[in-house]
Structures are given as C-alpha cells and as structure tokens.
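A.B. asks: what follows is a predicted protein model with its sequence.
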Amino acid sequence: MILTYTLPPEEDGHPLSRVLRRFSLSGTALTRVKASGALTVNGVCAHTGAVCRAGDTVRVDLSAAEPPMTAVPEDGPLDVLYEDDALLAVDKPAGLLTHPSRAQASDTLLGRASGYLLRHDGCGACHILTRLDRDTSGIVLLAKNAYVCARFTEPPEKTYTALVYGTVFPASGRIDAPIARLSPAGMARGVVPGGAPSGTRWRTLGTAAPRGIPVTALELHPETGRTHQLRVHCAYIGHPLLGDRLYGSTLSRAASALLGIRGHCLRASALSFFHPLTQKRIDLAVPAHTNLPLRID
C-alpha cells in the first residue's frame, strides 16, 4: 500500500515532518520508511526536515515499514470473502491453526494468507486481526500491513453459531462471569472470582434430539474477547459445546462420541466493523452450518 498526499496552498512551507502527521505513522514505521528510501517528495527521496511547497506530492511506500514476517508463505486453499487494498477476510475451516506455533510452524491460515498475497500482490505481509481457535471455523479478518493493523482500534461485532449439549432454557439470555487462566502454565480457562470481566449473550436457534441426545443450536454474541470465552461460558451454564475436549462434561463427551463429532462445534458466522481507513461499515456473513454436523429444526 502506498500513501500519497498533495499539499494544498495553505500548507506551503510546512516541514515534511508536519505533513507526515496526517498519516499517523509510528516512530518505528517512519524509521524503516526513511532508511529504505520509501519516503519521497515529487518522486525524490526526502528527509523529514525538508520544506514542502504547495502542489508537492508526498509518497510513503508502506511495504518498507513492514516488520519481519512471522509466517512462511505457503500454498493451500483459501476461501476469500472480502478483499481490498487494506484488508482480507477469509472463511477458515475447522481444524486449521490460525497462527504458527512452537509445535506447528506450517500449514496455518496465516501461512496460506501470506502465500495468497505474495502471489496476487507481490507482498506476503499480513496480520491477523480476529483470531479463531483451531477447531473453530468461520470469518477471520487480516490486515495487509502493519499500518492498517495499528489503525484497527475498534473491536468488530462478532456473531457465532454453536451446537451445545442439552436443551437450553430460557431461550435467550446473558452470561456475566469473569474468566481467568486456571493454572499459570496451563491452557485451560474457567470462571474464576476476580478474573477478567466477561460477557456473552445467547439466543436459541433450534433444538434436536439425534439418537435421543438433546442438542441446542445457539447464536452467541461475545461482548468481550477473552481466550476461550464462548467455550468457557457455555460450559459454565451447563451446556458445553459438542466436541469440546477441553471444557466438555462427561455427558457431552459421551454424546459427541456417539454422534461422531470431532472438534468443538463453533463457527464465526458474522463479522461487522468499520473500515480503519474509510470508516465505512462492512458486514460479512457466512453460512452458519458448515462445521455444525447436525440438522437443527
């Protein structure tokens, strides 16, 4: 992405450092841009103390401001839902890791997105804005550069669809329960007094009883973004996600095994946000049933 600005008459004589403030570049980004010669005025490399004149065109090539990549670009299927110069939104399948980890460095969503952008834009830089657990499918939003990532300050509105064990009553409600890590070195979270405030709203979409097992489809709206929040909150009210090995109960694990469900049944089915550059509202949605294996009436 390239930022450009042409000075109007009222800014004649302004130093370049002042003109650059409108771009809200971080100090690190500006240092990288200057060191790489990616800051120009009328096509000529310039220093921030230069005096600009009306009609001058300031140009910043943001590719020079990118930090070292954290993922190796790789081939792999990628279901693109939305794309522009700043953002990329994809539908992540269940079972695909979002980020490289210490245990798995390849075959990740970030690696696939990086490879896709390298092939299409010539630059493989990308940054995850909305992360999903490995077994959660659905919409993931990425920024195409660190500049856009830094300007994405308002959290998006998220909607999830889940299959949980049991018949949920009442049909809608709100969970207000603080969440914290259960042990310093462990992955599991739980509802813990004094934990981080966490809120989730739910609405029942339907119920079913395959093989006599009570199942409810829920629409979930997280009001906060704690790790494993929806899984923890559903388990807390006695209705763990089907297929959830970490937070499932004895009954939900047995039901998941009988139904042949592997991996928790959770899908990020809608995402709404204001574009960090244009401030235009963008609403994205995908079918809610892709990784939810049961028909709900």
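C.D. replies: Happy to help now that I have it. Numbering: from 1, shown residues only.
A.B. asks: rest of the way, CA atoms for contacts and neighbours
C.D. replies: Fine.
A.B. asks: from residue 113, how far out is residue 223?
C.D. replies: 28 Å (CA to CA, to the nearest Å).
A.B. asks: who has more neighbours, the two?
C.D. replies: When neighbours are counted by other CA atoms under 10 Å, residue 223 and residue 113 differ, and residue 113 comes out ahead with 31 against 18.
A.B. asks: doesn't that one belong to a helix?
C.D. replies: Yes. Counting by DSSP: H, G, I helix; E, B strand; the rest coil, residue 113 is part of a helix.
A.B. asks: test my guess that it contacts residue 77.
C.D. replies: No. When contacts are counted by CA atoms under 8 Å, residue 113 is not listed as touching residue 77 (9.2 Å).
A.B. asks: show me where the chain has its helices.
C.D. replies: Applying DSSP state H to the chain gives helices spanning 16-19, 27-35, 109-121, 146-151, 229-236, 250-259.
A.B. asks: rank the ones you listed by pLDDT, which is bottom?
C.D. replies: Among these, helix 27-35 carries the lowest mean pLDDT, at a mean of 84.
A.B. asks: quick one: it to chain centroid distance?
C.D. replies: Taking CA atoms, centre = their mean, to the nearest Å, the mean C-alpha location of helix 27-35 is offset from the chain mean by 26 Å.
A.B. asks: picking that back up, among the helices of the chain, which is nearest residue 86?
C.D. replies: helix 146-151 (6.4 Å; CA to CA).
A.B. asks: now that closest one: buried residues?
C.D. replies: Residues of helix 146-151 classed as buried by neighbour count (16 or more other CA atoms under 10 Å): 146, 147, 148, 149.
A.B. asks: least confident secondary structure element in the chain?
C.D. replies: In the chain, no helix or strand scores lower on mean pLDDT, DSSP states H and E than helix 27-35, which sits at a mean of 84.
A.B. asks: mind listing what's buried in that one?
C.D. replies: Buried-residue list, helix 27-35, by 16+ other CA under 10 Å: 29, 30, 32, 33, 34.
A.B. asks: report the central residue of this structure.
C.D. replies: residue 130 (1.0 Å; CA atoms, centre = their mean).
A.B. asks: my guess is it meets residue 141, correct?
C.D. replies: Yes. Residue 130 is within contact range of residue 141, at 5.4 Å (criterion: CA under 8 Å).
A.B. asks: what about residue 137, how many residues nearby?
C.D. replies: The number of residues near residue 137, taken as other CA under 10 Å, comes to 26.
A.B. asks: how about the one 5 residues further on?
C.D. replies: When neighbours are counted by other CA under 10 Å, residue 142 registers 22.
A.B. asks: list the contacts of the residue nearest to it when sequence neighbours are not counted.
C.D. replies: Distances taken as CA to CA, 6 or more residues apart in numbering put residue 128 closest to residue 142, at 4.5 Å, once the chain neighbours are dropped. With contacts defined as CA atoms under 8 Å, 6 or more residues apart in numbering, residue 128 is in contact with 110, 140, 141, 142, 143.
A.B. asks: for burial, what's the neighbour tally of the residue found closest to residue 177 once you drop the neighbours it is linked to in the chain?
C.D. replies: What sits nearest to residue 177 in space, not counting adjacent residues and going by CA to CA, 6+ apart, is residue 198, at 5.6 Å. Here the number of neighbours of residue 198 (other CA under 10 Å) works out to 20.
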